[in-house]
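Q: A predicted structure for the sequence below; I have some questions about it.
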Amino acid sequence: MGCALGLAWTSAQALEPVPDRLVVLTFDDAVASHYSVVRPILKRYGFGATFFITEGFSFPTNKQDYMTWEQIKELHQDGFEIGNHTRDHLGVTLRTLGQLRAQVSAINAPCAQYGIARPVSFAYPGNGITPEAMPILKELGIRFARRGGAPEHPYEWGRGCAFEPGADHPLLIPSAGDARPDWTLDDFKQAADQARAGRIAVLQFHGVPDREHPWVHTRPERFEEFMRYLHTNATEMHTTLSAHPFRIELSPGQYTFTIERGKEFFAETREIMVERGMAKLTFRLRRWINMRQLGWYCGDTHNHRDPAELPNVMLAEDVNVQLDEPFSYHAWMRGLATGRSFVTTGPMLMAKAGDRWPGATFQVTNELQDYWLDCTVRSEQPLESIELIVNGAVGRRFEPKNRKTDSGAFENEVSTRFKPEGTSWLAWRCFEQRPGDQFRFAHTGLPISIDT
Ligand SMILES: [Zn+2]
């Protein structure tokens, strides 16, 4: 089984293909055993998690069964995520919607007081959902909201379905399972093993043990067994690095290393038996294209995003700009503004109309004139299709020939004549098939316009 993380952490991850066995651990209701039992177990396995805090039930007075804010602060300092579960464990319904703002703010306030980052994750108390809550949560800075397994599954059994980034709304993230006192390892596996094919299993726990909510209690020995299952056989770690040496401490054993660097290099995967005292591993990545040499310079398209997410986002998608002058910030911005660009998650798409790049406008003087369109794509894996978009719809589809280049990549060249019928705008896009039903794509920046 793979790695276990907190809810917010998966956001950046979701932009990249989701690896199998990615599990999110969540713990509701600020139960005392989260600090005394769960925390040491998670730390031992190196697992991340989200703790959803409420001051409901007997939290204010019963410190035998509920954590103190000092302990919650320690969880935050350990690197665990602190999420919001409303002050009074408010069931979110149309009738209670008016209280939601105050209820969420009343947890944000002690967080601020104890130096805990303002929660961006929320869990619907009692797993009750109402879509009308979503704009309010959004306005309160909540970016991820976890629900239970209902309506797909009845509440009683704690069954659920895995989270599918892109398909599930981030403010209605389903639980793949909500642990019950009678859960065996098989029940846990049924929930956790849904983490495959691009889906993330978000697992919901309450106290370990939970004396105050016996219907969602988990025995510590059981919990230990579940975590051992997640940990056994594999440790999966993801990291984004700058160009500096990278240190990681590993126990002896068999490991698979996958190293990727941006888009212009082949990824390398190597199986290595790590032995005691092995100090250093070196990976040299092979390039399949050098866009700079071709006059293209890439940058990040996501300036509107949370800076914390940028390192992963930049690896997932970038914008390439063609420069017919030496590189400078202003030249790059000028190229971007004119649209001499393409956006890509992998393939390098270089399109021209006559001798002009995307973003060009042609003024038609002769109604009978037609235009030569050229498109060259290089990609690490074979392309599945190349499409010419005419006025927003697929005008022509080309069967890729996928000629192998000297560097081991694939090249496709398409030339076609286009005769405009009235004012037209044209764009190119292409799709690259990747293992595991994933694909990568590229799309030209501004269209080529032909004005009649
Ligand atoms: Zn709860």
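A: Received the coordinates, thanks. Since the structure is predicted, the reported quantities are computational estimates derived from the model, not experimental observations.
Q: can you list the domain ranges for the chain.
A: With domains defined by automatic domain parsing, the chain comprises 3-232, 255-287, 292-451.
Q: could you redo the ones you listed as a markdown table and give each row mean neighbour count and distance to the ion?
A: Quick note: C-beta positions are derived from backbone N, CA and C, even for glycine. Compiled in a markdown table, the domains of the chain are given as follows (neighbours: other Cβ atoms under 10 Å; distance: least, Cβ to the ion, whole Å):
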| stretch | mean neighbour count | distance to the ion |
| --- | --- | --- |
| domain 3-232 | 19 | 4 |
| domain 255-287 | 12 | 38 |
| domain 292-451 | 17 | 27 |
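Q: in JSON lines: those, plus mean pLDDT.
A: Shown next, in JSON lines, are the domains of the chain (pLDDT from 0 to 100):
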{"stretch": "domain 3-232", "mean pLDDT": "92"}
{"stretch": "domain 255-287", "mean pLDDT": "81"}
{"stretch": "domain 292-451", "mean pLDDT": "81"}
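Q: need those domains in TSV (columns: distance to residue 247).
A: Below are the domains of the chain laid out as TSV (distance: least, Cβ to Cβ, whole Å):
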stretch	distance to residue 247
domain 3-232	15
domain 255-287	10
domain 292-451	18
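Q: quick one, which of these is nearest to residue 248?
A: domain 255-287 (9.7 Å; Cβ to Cβ).
Q: span of that closest one from start to end?
A: 24 Å (Cα to Cα, to the nearest Å).
Q: just give me how far that domain sits from the chain centre.
A: Computed by Cα atoms, centre = their mean, to the nearest Å, the chain-centroid distance of domain 255-287 equals 23 Å.
Q: doesn't residue 281 fall inside a strand?
A: No: using DSSP: H, G, I helix; E, B strand; the rest coil, the secondary structure at residue 281 is coil, not a strand.
Q: contacts only, for it.
A: 257, 272 (Cβ atoms under 8 Å, 6 or more residues apart in numbering).
Q: test my guess that residue 155 contacts residue 147.
A: No: judged on Cβ atoms under 8 Å, residue 155 makes no contact with residue 147 at a distance of 11.1 Å.
Q: who touches both of those two?
A: Joint contacts of residue 155 and residue 147 (Cβ under 8 Å, 6+ apart) are residue 127.
Q: next secondary structure after the strand or helix carrying residue 41?
A: Following DSSP states H and E, the helix or strand that holds residue 41 is helix 39-45. Downstream of helix 39-45, the next assigned helix or strand under DSSP H and E is strand 50-53.
Q: pretty sure residue 92 sits in a helix.
A: No: judged by three-state DSSP, residue 92 forms no part of a helix; its state is coil.
Q: check contacts around it.
A: Each residue near residue 92 by Cβ under 8 Å, 6+ apart is listed here: 86, 100, 124, 125, 128, 129, 130, 133.
Q: contacts only, for residue 89.
A: Applying Cβ under 8 Å, 6+ apart to residue 89 gives the contacts 29, 54, 56, 57, 125, 126.
Q: likewise for residue 56?
A: So, once contact is read as Cβ under 8 Å, 6+ apart, residue 56 ends up touching 29, 85, 86, 87, 88, 89, 90, 125.
Q: ok, it to residue 93 distance?
A: Using Cβ to Cβ, to the nearest Å, residue 56 is found at 16 Å from residue 93.
Q: how about the CA coordinates for the one helix or strand residue 204 maps to, as PDB?
A: Using DSSP H and E, residue 204 sits in strand 201-205. C-alpha atoms of strand 201-205 as PDB (Å, rounded to 0.1, in the frame of the first residue of the first chain):
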ATOM      1  CA  ALA A 201      -9.200   7.000  -1.100                       C
ATOM      2  CA  VAL A 202     -10.200   9.500   1.600                       C
ATOM      3  CA  LEU A 203     -10.600   7.500   4.900                       C
ATOM      4  CA  GLN A 204     -12.600   8.800   7.800                       C
ATOM      5  CA  PHE A 205     -12.000   7.900  11.400                       C
END
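Q: what is the next helix-or-strand element following it packed up against?
A: Sequence order places helix 220-231 as the next helix or strand after strand 201-205, per DSSP H and E. For helix 220-231, the packing partners by 3 or more Cβ pairs under 8 Å, 6 or more residues apart in numbering; DSSP states H and E come out as helix 39-45, helix 185-192.
Q: switch those helices over to a markdown table; also include distance to residue 295.
A: What follows is those, written out as a markdown table (distance: least, Cβ to Cβ, whole Å):
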| stretch | distance to residue 295 |
| --- | --- |
| helix 39-45 | 49 |
| helix 185-192 | 49 |
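Q: the helices in the protein, which residues?
A: Ranges of helices within the chain are 10-13, 32-33, 39-45, 69-77, 100-113, 133-139, 185-192, 220-231, 310-316, 329-338, based on DSSP state H.
Q: make JSON lines out of the ones you listed and add distance to residue 440.
A: Below are those laid out as JSON lines (distance: least, Cβ to Cβ, whole Å):
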{"stretch": "helix 10-13", "distance to residue 440": "17"}
{"stretch": "helix 32-33", "distance to residue 440": "45"}
{"stretch": "helix 39-45", "distance to residue 440": "33"}
{"stretch": "helix 69-77", "distance to residue 440": "37"}
{"stretch": "helix 100-113", "distance to residue 440": "38"}
{"stretch": "helix 133-139", "distance to residue 440": "30"}
{"stretch": "helix 185-192", "distance to residue 440": "28"}
{"stretch": "helix 220-231", "distance to residue 440": "30"}
{"stretch": "helix 310-316", "distance to residue 440": "10"}
{"stretch": "helix 329-338", "distance to residue 440": "21"}
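Q: noted, bye for now.
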